[in-house]
Structure formats: structure tokens, C-alpha cells
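Q: coords below, sequence missing:
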């Protein structure tokens, strides 16, 4: 596969009996059905990841000896999805069962959505390594990019798995209701990871069909990280036998009035971002200017919206280090984890700034 550079004829497809690590079938209409519930807000992104993890759990039991009954546990699914506690997995399974997307009990696990039983669509041979990666992924556009390209570029026929196809980023964005820019960024990350391999083609085919792409059938994920410690139980109290009685601030400074808060507050600094900076459109605009001067972003509508959406995302999902999450996204241009909710909130921040000042377009 390393010698393939140009998509021409039928010689550029990659075929193998199975991907490295095996695969499991996920039907095309099943993917669209589950994503439809996600798009309507009836299930959360974590619920989708649990649904994908259930396929891996089933695949582990495909070679079970005859006469032995399988046993499914919450702990096994939790190990694939990750997170901080098993109660979230139980909540996700209840949500999936409520909509007829899975049937789960100790000795049975069915992942075929009830509404597509009569017409499940084409079976997509999804590599199990990719399923495990998606089960731990947190980006909505990132998961949509992988699923969309799997549908368009991976086939199974006559006992042979064939990798190769044409896929437009605009098609993925339209079908899965995500931003085109986020799909392109996610595809770039997947190419860097080695999951995808982009090929060259003549411009006529690129305009008509999109970019030719091969999914690596020998890709292996990195070593698993240490699972996060469960926080479903309260942390034990610490023993402080020698408590300090010293009072450093006996005369605290007076609070500033609201009218002069912005003018007298410390100027925003990209090296010392605060949560208040991410909530104030004026201070966020100043951070964008600093990022542009450092070459991290460009003066384009897409990058302006991306920075504002990144601030909204950090405030929405951040727990321990909200400013650090924002700075990491800006410095690495990691926009793949931005959701439609983040973009809407970022657009709202921009509208607030535009309404308050006519000089927003002068950011330079």
C-alpha cells in the first residue's frame, strides 16, 4: 500500500481477507438510524460511543465454543468507552434501549436498531481497532468523519475486504450534520495517525467524486492509556493536623465598579488565559489578535469562528483546566472536537461583539 500514490483504474484498491485485528459488520442503515437520534438530541455522543463499544463486545464472543453462554458486563463496556464511572454507561444503555437501538442483558446483547431490522442496508466491515478508537473519541465531527469514510471506502464481497473509494468532505458534512471545516481537519488528523491514506487523482474526478482514499487495513492503535480513576464516590477527607492561623490579606482591596471593570481589568494575555476571558467577547477578540500575530490562526471568517467556538467548547466541557483546554485547541488547531452547539455559541459571542462595536472587523 505504501507504493500507491495515484488513483487510476481498478489497481489502486487494497484487498485482504480481513483487517489486522479482525472486523465486525455494522450495517449502513444502522449507522444512519443511530446518528439520527444523536442529531435530534434524543441520545448523547457518549451513548453513540457505547453503541459502538457494544459491537466490539459482541465481536469478542464470535468464537465462543458451542454450548457456552456469553456473559456481558457493564465493566467491559466501561473499559472500552472510558470515563470516570460505570453509572454513566448504565445511563447510556438505558437511553439506547429506550429508543430500541440495543437490547442488553447479562446473556444477550443485540446491536441492530429495531427500526432497521427489515432493511439494515449494506454491511460495512469496520476494523475492530477503529471501533475501539471511536469508543474513546470525544469529537462529534471526528466520529462522523470516520463513519462517513467507512461507508464510502470499505467493502466486503466474496470473502474479501476491499479498501478504497471516493468521498467528499461536503457529503460527510451534509449526511452527518457537521461542519465541512471540521471534517477536513478530522481527516487530516486521521491521515497523520495512519488510519487514512489520501491519493492523488486528476482534477475532473476530484471535482466530481471527491478525494480518493484508502483505509489502512493494518493500522494498530497506540498503547492504551491508564484508565481514569473513578470519581463516582466522594474523595476521602485529608488530615490537616497543623492548620495555619496566618492571615495574609487583612485588608482586601475594594471591588471595582461594573462601569469601569473592563477598562481597569488586566489586559488579556494568551499566556495567562482566564475563564472570564473566554466568556467576554471583547477579551476573546484580543486573544484572537494575539494568536494571529503568533501565526496560530489566520484572519479568516473560519478561524475567527473556530476560536470563538473553541472558547465556548472549553467553557462547556472543561472541568479542571478550562483555559488550558482552550489554549491547546488554538495552538494545535484541533477543531475536530467542536460540535454544532459550540459553533452556535461561538457565533452568538461574535454577534454580541458586533452589536456592541462596529470595529470588530478591524482585528489585526
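A: Perfect, I can see it now. What you see is a predicted model; the values in this text were computed from it and never measured. Numbers count the residues shown, from 1 in each chain.

Q: and for residue 142, the neighbour number?
A: 25 (other C-beta atoms under 10 Å). Every residue, glycine included, has its C-beta placed from N, CA and C.

Q: next: residue 11.
A: 8.

Q: got it, and residue 144?
A: Neighbours of residue 144 (other C-beta under 10 Å): 26.

Q: contact partners for it?
A: 35, 172, 176, 178, 183, 186 (C-beta atoms under 8 Å, 6 or more residues apart in numbering).

Q: secondary structure element for it?
A: helix 140-153 (DSSP states H and E).

Q: show me how far that helix is from its chain's centre.
A: Computed by C-alpha atoms, centre = their mean, to the nearest Å, the chain-centroid distance of helix 140-153 equals 11 Å.

Q: count the neighbours of residue 107 for me.
A: For residue 107, using other C-beta under 10 Å, the count is 8.

Q: excluding chain neighbours, what is closest to residue 29?
A: Excluding its sequence neighbours, the residue lying closest to residue 29 (C-beta to C-beta, 6 or more residues apart in numbering) is residue 121, at 3.5 Å.

Q: on the pLDDT front, check that neighbour for me.
A: The model reports residue 121 with a pLDDT of 88.

Q: the strands in the stretch 201-350 of the chain, which residues?
A: 211-215 (DSSP state E, counting those that start in this stretch).

Q: swap in the stretch 51-200 of the chain?
A: 103-105, 108-110, 123-127, 154-157, 160-163, 165-167, 196-198.

Q: now mean neighbour count and distance to residue 267 too, for those, in a markdown table please.
A: Shown next, in a markdown table, are these (neighbours: other C-beta atoms under 10 Å; distance: least, C-beta to C-beta, whole Å):
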| stretch | mean neighbour count | distance to residue 267 |
| --- | --- | --- |
| strand 103-105 | 14 | 54 |
| strand 108-110 | 14 | 56 |
| strand 123-127 | 22 | 50 |
| strand 154-157 | 16 | 51 |
| strand 160-163 | 18 | 52 |
| strand 165-167 | 20 | 45 |
| strand 196-198 | 19 | 42 |
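
Q: so residue 200 makes contact with residue 7?
A: Yes - between residue 200 and residue 7 there is a contact under C-beta atoms under 8 Å: 7.0 Å.

Q: next, show the common contact partners of the two.
A: Common neighbours of residue 200 and residue 7 (C-beta under 8 Å, 6+ apart) are residue 212.

Q: look at those two and report which has more neighbours.
A: Per other C-beta under 10 Å, whichever of residue 200 and residue 7 has more neighbours is residue 7, with 24 against 12.

Q: please parse this protein into its domains.
A: Here the domain parsing of the chain from automatic domain parsing is 14-215, 265-357.

Q: and the average pLDDT for the shortest one is what?
A: Average pLDDT, domain 265-357: 87.

Q: give me the residue at the spatial middle of this structure.
A: residue 139 (1.1 Å; C-alpha atoms, centre = their mean).

Q: phi and psi next, for that one.
A: Backbone dihedrals for residue 139, given as degrees, to the nearest 10, come out at phi -90, psi 120.

Q: number the residues from 569 up from this point.
A: Right, with 569 as the first residue, what we last looked at is residue 707.

Q: list the residues that contact it.
A: Contacts of residue 707 by C-beta under 8 Å, 6+ apart are 750, 754, 904, 905, 906.

Q: confidence score at the residue nearest to residue 668 when sequence neighbours are not counted?
A: Using C-beta to C-beta, 6+ apart and skipping residues adjacent in sequence, the residue nearest residue 668 is residue 682, 3.5 Å away. At residue 682, the model reports a pLDDT of 79.

Q: residue 682: how many residues sit nearby?
A: 13.

Q: next one: residue 783
A: 26.

Q: just to check, it is in contact with residue 719?
A: No - contact criterion C-beta under 8 Å: residue 783 and residue 719 do not qualify, at 11.0 Å.

Q: what does stretch 721-741 rub up against?
A: 575, 580-587, 591, 593, 691-694, 712-713, 716-717, 720, 746-748, 750-752, 755, 773, 777-785.

Q: if we can go back for a sec, in a markdown table: the strands of the stretch 619-768 of the chain, plus distance to residue 924.
A: Below are these laid out as a markdown table (distance: least, C-beta to C-beta, whole Å):
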| stretch | distance to residue 924 |
| --- | --- |
| strand 671-673 | 51 |
| strand 676-678 | 54 |
| strand 691-695 | 48 |
| strand 722-725 | 49 |
| strand 728-731 | 52 |
| strand 733-735 | 42 |
| strand 764-766 | 43 |
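
Q: residue 637: which of those strands is closest?
A: strand 676-678 (9.4 Å; C-beta to C-beta).

Q: need the residues that contact that closest one.
A: 622, 625, 626, 638, 640, 670, 671, 672.

Q: swap the cut-off to 6 Å and go again
A: Applying C-beta atoms under 6 Å, 6 or more residues apart in numbering, the contact partners of strand 676-678 are 622, 626, 640, 671.

Q: out of those residues, who's the most crowded?
A: Most surrounded of the contacts of strand 676-678: other C-beta under 10 Å gives residue 622, at 27 neighbours.

Q: that residue reaches residue 679, doesn't it?
A: Yes - Residue 622 is within contact range of residue 679, at 4.9 Å (criterion: C-beta atoms under 6 Å).

Q: what touches both of the two?
A: residue 670.

Q: for residue 679, see how far away residue 620 is.
A: Residue 620 sits 9 Å away from residue 679, going by C-beta to C-beta, to the nearest Å.
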